[in-house]
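>>> okay, predicted coordinates and the sequence, questions at the end:
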Amino acid sequence: MASLLSCPHCGTRPREEFTVRGDATLIRPAADAPQSEWEAYVFLRDNPRGWHKEHWHHTGGCRRWLVVERHTVSHAIRSVVDAGMRA
Ligand SMILES: [Zn+2]
């Protein structure tokens, strides 16, 4: 069975068309933030078990950035929204 993802712009497409960037919940520190904040932002990641929001790029399609809510154990997808459209 093919692994599919529903892009809000292109419809249902094979997951091979997408590139995962990682955690979509990180907040970029201010430019003058201490070095420790920048190190945590760049290098430190949680390894959550359960639902997690990630940035995915539709590299083989519309080339838009998406926020995909994926379960890290089952890999089920709960939602997919355009990264520029989320609140
Ligand atoms: Zn797309």
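Nice, thanks for sending it over.
>>> any weak-confidence spans in the chain?
Low-confidence segments of the chain, defined by pLDDT under 70: 1, 86-87.
>>> which residue ranges of it form helices?
35-43 (DSSP state H).
>>> and it, which residues reach the ion?
Within the chain, the positions adjacent to the ion are 7, 9, 10, 58, 61, 62 by CB under 5 Å from the ion. (Glycine included, C-beta is placed from N, CA and C.)
>>> can you do 8 Å?
Residues of the chain found near the ion (CB under 8 Å from the ion) are 7, 8, 9, 10, 13, 17, 58, 61, 62, 63, 64, 66.
>>> filter these down to the buried ones, PyMOL style.
Remark: buried members of the residues of the chain next to the ion, expressed as a PyMOL selection using 16 or more other CB atoms under 10 Å:
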select buried, resi 7+13+17+58+61+62+64+66
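>>> for the residues of the chain next to the ion, give me TSV that also has distance to residue 34.
Below are the residues of the chain next to the ion laid out as TSV (distance: CB to CB, whole Å):
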residue	distance to residue 34
7	38
8	38
9	39
10	41
13	42
17	39
58	36
61	39
62	38
63	35
64	34
66	32
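>>> tell me the one of the residues of the chain next to the ion nearest residue 84?
Nearest to residue 84 among the residues of the chain next to the ion, counting by CB to CB, is residue 64 at 7.6 Å.
>>> quick check, residue 57 in contact with residue 19.
Yes: here residue 57 reaches residue 19: they are 4.5 Å apart, a contact under CB atoms under 8 Å.
>>> looking at the two, which one has more neighbours?
Set residue 57 next to residue 19 and count neighbours by other CB atoms under 10 Å: residue 57 wins out with 17 against 12.
>>> in the sheet, who's paired with that one?
Beta-bridge pairing for residue 57 (DSSP bridges): residue 19, residue 65.
>>> wait, what's in contact with it?
18, 19, 20, 21, 63, 64, 65, 66 (CB atoms under 8 Å, 6 or more residues apart in numbering).
>>> having no further points to raise, I will conclude here.
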